[in-house]
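1. this is the structure alone, sequence omitted:
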């Protein structure tokens, strides 16, 4: 459908001052979209763009033609959707929009140079914050080891657990996820120490600084949450030295990306410090990025370790919300407005 | 020390309008008080009352004399502190003040008839609310079964978990614990359905009713929290019928008293409905009340069951806070003011 369509309701449409900025751009959807997703995409984008669902195209030539014609690519887990050689077909692409908040797994050398790359930062923030809170509470209340003891008939209420109301949290990475996590922690009465790239925020925090001040940020925190993107700068951020900066009984929760933490250093630290606890939702080697789940150290033998299968984002009802956020960003871009979550490949690619 | 002592700072002292209402009452402390507790008791009560620490009296005659002279008894787990026959010595007792919020385990037939019996309702509310939230989140995110699968190398992120922001909670019992729990749940964005004895509250809730409306309260709730006292009326409150009123995938959390729930009915319901989940912190037969931990059904074989060893109140730093609340109530009583948490034995004793 071509032509000027008035914006309906509150939905953001790519028209400014009544005239279309873009007419009939090709939006290729590479993730497997179910009926609900197709309805949403049709409603939000169908009026003024040509939607192509890549999964519907069996013929390789048609896939190639679709990719060659794409102005916008909307992707979820790119590695499962388009092979790296196929990415070279994206010669016309102007916007790559991910449904994911973290785009570290993109094959940057193969991504079209001329395209703007956007993450879906913030779209999954609320469920991730719930998951971070869940893991922190479970570890602070020693839920798993005490459940296991009870299952053996051992009623152990000798060990005091953490009173979160009197505790503090260091939130490393203060974007959508970090802020949402801080809001929940504040509700419990916790002190919030935040780290971001500017050392400034409009959110109510008790302390804020940058990664330069990491030691000061984490030193006294009862809970340390990782909610930052995995970039060249943050890869391996938490190693032996940083773990030793933390309280001996600190709780480390990683809902961001596994490789922010040095695997060996974490295992050694957990093993040597039984009162230190770690909750990991994102892994070094996991199915979505590596095709398998693999650990180099037997973390699950440790009582002070809690793992979840990268399901922090997997809550009932979130997908349409996250998709809508990504689609809104596509509309923003097509309307000539600056899109959100623009990613600089230089932050991700090693020199 | 006898005489008029001016109130110091913010601490509530049993003097009204400058004159002592009580002079030198005997306050017997029957729980094992450590140095911190003794310091607090001395500071708050020592100036105008005679403090007797029962644990210091080895000689049975001295114990008897102390109990016979007691105006006030401050107790924690009474069954471990004073035998039922010894309770008959409490002929002068005017106030029995428990450190516990739930006084259902008191040997009511042996309690001195002339004394006012007070619970410490609300004093433990915050940690209990944290624990209820912790259990609800852990169950809603399927933390234990997914951790166990990961430990076996199985990366199962096929199952959607509960998005608490879009969920609702029924809070049965809307005293200190219920309100504190509701406050935390509201922070997550949950809808709150509360049940209390009046069907009215000043707290912000989405719905409130009485136990007469229990079905309406729990019918659509994703989470059902038990935070009511165990009385004649509430014993066995949750049975087969009530469990069937709930959503098939509801999460039941009991941080109040085990016997509010019918043990067999809960086991049968959990076994028959794998998507129904229950978190239990307080048990039918547990050490503090029965000298042992015993289950009639193998709850711990079920994946949809989570247990903790009645440690919801056992957080670092809570004891002085709970003791202070109890001591404040003693002062209130000795000052001639109406004490809080007055218990009617008729609510507890079977006809």
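-> Perfect, I can see it now. Computed from a prediction, not measured in an experiment: that's the story for all the values here.

2. give me the below-cutoff pLDDT ranges for chain A.
-> Under the criterion of pLDDT under 70, the regions of chain A flagged as low confidence span A:1-22, A:350-351.

3. can you give me the domain boundaries for it?
-> Residue ranges for the domains of chain A, per automatic domain parsing: A:15-123+A:317-347, A:125-307.

4. could you look over the ones you listed and pick the most buried one?
-> Taking mean count of other Cβ atoms under 10 Å in any protein chain shown as the contact definition, the stretch among the domains of chain A with the greatest mean neighbour count is domain A:125-307, which reaches a mean of 20. For the C-beta atoms, the positions are set from N, CA and C on the backbone; glycine is no exception.

5. before we move on, the earlier item: dump the domains of chain A to TSV, plus distance to chain B.
-> Rendered in TSV, the data for the domains of chain A read as follows (distance: least, Cβ to the nearest Cβ, whole Å):
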stretch	distance to chain B
domain A:15-123+A:317-347	5
domain A:125-307	3
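
6. which residue ranges form the strands in chain A?
-> Defined through DSSP state E, the strands belonging to chain A, from first to last, are A:15-16, A:19-20, A:26-29, A:50-53, A:72-75, A:95-98, A:116-118, A:168-172, A:191-195, A:207-209, A:223-226, A:251-254, A:277-280, A:305-307.

7. now find how far off-centre the third one is within its chain.
-> Translated: strand A:26-29. The chain centre lies 23 Å from the centre of strand A:26-29; the measure is Cα atoms, centre = their mean, to the nearest Å.

8. packing partners for it?
-> With contacts taken as 3 or more Cβ pairs under 8 Å, 6 or more residues apart in numbering or on different chains; DSSP states H and E, strand A:26-29 sits against helix A:35-45, strand A:50-53, helix A:60-69, strand A:72-75.

9. can you give me the distance of residue A:252 to residue A:244?
-> With the distance defined as Cβ to Cβ, to the nearest Å, residue A:252 ends up 12 Å from residue A:244.

10. actually residue A:31, sorry about that
-> With distances taken as Cβ to Cβ, residue A:31 is found 42 Å from residue A:244.

11. so who does residue A:160 touch?
-> Shown in contact with residue A:160 (Cβ atoms under 8 Å, 6 or more residues apart in numbering or on different chains): B:314-316.

12. most surrounded residue in those residues?
-> Per-residue neighbour counts (other Cβ atoms under 10 Å in any protein chain shown) across these peak at residue B:315, which has 25 neighbours.

13. what bridges to that residue?
-> When bridges are taken as DSSP bridges, the partners of residue B:315 come out as residue A:161.

14. quick one: the helices in the stretch 101-250 of chain A, in order.
-> Applying DSSP state H, counting those that start in this stretch to the stretch 101-250 of chain A gives helices spanning A:125-140, A:143-151, A:176-187, A:214-218, A:240-245.

15. list the residues that contact the residue of chain A most remote from its centre.
-> Largest separation from the mean C-alpha position in chain A: residue A:153, at 39.8 Å (Cα atoms, centre = their mean). By Cβ under 8 Å, 6+ apart, residue A:153 lies in contact with residue B:293.

16. residue A:85 too?
-> Residue A:85 sits next to residue A:110 when contact means Cβ under 8 Å, 6+ apart.

17. how near is it to residue B:37?
-> To residue B:37, residue A:85 is 72 Å away according to Cβ to Cβ.

18. touching, residue A:107 and residue A:86? I think so.
-> No. Taking contacts as Cβ atoms under 8 Å, residue A:107 lies outside contact range of residue A:86: 10.7 Å.

19. now find how far off-centre stretch A:89-104 is within its chain.
-> Averaging C-alpha positions (Cα atoms, centre = their mean) puts stretch A:89-104 15 Å from its chain's average.

20. quote the end-to-end distance of that stretch.
-> End-to-end distance for stretch A:89-104: 21 Å, by Cα to Cα, to the nearest Å.
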